[in-house]
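Q: Pasted the sequence and its predicted model underneath.
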Amino acid sequence: MAQTYLPTLKQLQYLVALHDSGHFGRAAEASFVTQSTLSAGIRELETLIGVVLVERTRRVVRFTPLGEQIVDKARRVLREAEELGDLARAAGRPLSGEMRMSVIPTIAPFLLPRILPRLRKDYPELKLYLREETSGQACEQLHQGRTDCVLLALPFSCGDVEAAPLFDDRLFVAFHEGEMDPTPVIKPADIDETRLLMLEDGHCLKDHALAACNRPELRAEATMLGTSLHTMVQMVDNSLGVTMLPEMAISAGILEHTSVTARPLEAENATRRIALVWRKASPRERDFRLMAEVLKQTA
């Protein structure tokens with residue numbers, strides 16, 4: 001019987017890295033190899049399957065239509081290969097070995113300092129690699145197999161995932177002293193849409209806050225320019241407008257040493273639900289559910 005030569009996982013990794021970066025040098029850096037090694041690996045793959053996958057010019061790396069299809073298939077193959085390792089880890093000690101977790105920016109600086117010491121103490125064999133990115137980016141990384149789980153705020157459409165809810169995080173309206181009447185709660189109708197400052201597109205907190213207010217003119221008039229909650233607070237502290245903050249940020253002291261006051265938003269859906277999500281049918285589901293319990297107890 002004739003011997004069949006199959007692409008190697010390394011060749012598929014090089015191909016996916018080139019597709020993601022669009023540049024041979026950056027792809028080589030991401031793969032921890034030299035550019036010549038990566039280029040040779042992709043040429044070997046093309047020779048093996050008998051087709052050109054990448055059109056090479058001095059300035060542009062362009063994938064052929066078939067190359068695009070093979071990249072998609074390569075991602076699935078690499079994800080399945082990673083799950084072989086996940087099966088082995090799942091059969092071992094709970095919460096041990098490597099775990100890659102993506103965390104959105106409106107959670108990471110406020111929740112991680114509370115949970116990481118507990119994880120280090122109770123699960124010293126766990127090597128937790130953290131990555132901060134927006135909700136859309138985190139979900140994309142999850143489905144491409146580059147991260148194992150995501151600490152996310154719901155509702156958010158993250159595809160075919162399992163989710164373990166942790167707790168509800170109430171939304172507050174933050175304003176400079178004198179900007180608004182500091183009543184016990186703030187109603188959406190009390191917010192001046194021309195003064196509302198929000199995080200830029202890509203941050204799900206913006207969508208949660210606008211949905212809770214249920215005022216279309218807020219979405220139309222609000223200024224979307226903040227890159228972080230700390231930036232938003234500094235803008236409010238300089239009387240540039242009002243903004244929305246989650247309770248976890250306020251509890252973590254984000255308003256300390258400012259003249260900013262915060263009051264709960266009084267609306268039907270004035271909360272976001274913090275959850276840990278992972279790919280459905282993951283062999284490490286037991287680990288993720290245990291991680292969710294640890295987070296729930298510590299948060």
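A: Thanks, I have it.
Q: Okay, residue 49 and residue 146: tell me how far apart.
A: To residue 146, residue 49 is 24 Å away according to Cβ to Cβ, to the nearest Å. (Each C-beta comes from the backbone N, C-alpha and C, glycine too.)
Q: Between the two, which is the more surrounded one?
A: residue 146 (18 against 15; other Cβ atoms under 10 Å).
Q: quick one: secondary structure of that one?
A: coil (DSSP: H, G, I helix; E, B strand; the rest coil).
Q: need the contact list for it.
A: Neighbouring residues of residue 146 by Cβ atoms under 8 Å, 6 or more residues apart in numbering: residue 100.
Q: I'd like the distance between it and residue 113.
A: 25 Å.
Q: Also residue 60?
A: Distance from residue 60 to residue 113, by Cβ to Cβ: 44 Å.
Q: Pull up the pairing partners for whichever strand in the chain runs longest, direction included.
A: What stands out as the longest strand in the chain, according to DSSP state E, is strand 161-176. Strand 161-176 pairs in its sheet with strand 243-246 (antiparallel), strand 260-264 (antiparallel), strand 271-279 (antiparallel), by DSSP bridges.
Q: which parts of it are buried?
A: 161, 162, 163, 164, 166, 169, 171, 172, 173, 174, 175, 176 (16 or more other Cβ atoms under 10 Å).
Q: same deal with stretch 257-268?
A: In stretch 257-268, counting by 16+ other Cβ under 10 Å, buried: 260, 261, 262, 263, 264, 265, 266, 267.
Q: pLDDT added to the residues you listed, as TSV?
A: Shown next, in TSV, are the buried residues of stretch 257-268 (pLDDT from 0 to 100):
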residue	pLDDT
260	93
261	92
262	93
263	93
264	93
265	92
266	91
267	85
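Q: mind listing the helices in the stretch 151-299 of the chain by residue range?
A: 204-213, 216-221, 229-237, 247-251, 285-298 (DSSP state H, counting those that start in this stretch).
Q: in this structure, which segments are predicted with low confidence?
A: Scanning the chain for pLDDT under 70 picks out 1-5, 85-92, 202, 217-224, 226.
Q: The nearest residue to residue 157 once chain neighbours are set aside: what's it in contact with?
A: Nearest residue to residue 157, sequence neighbours excluded (Cβ to Cβ, 6 or more residues apart in numbering): residue 139, at 8.0 Å. Neighbour list for residue 139: 150, 152, 156, 157, 158, 159, 161, 277 [criterion: Cβ under 8 Å, 6+ apart].
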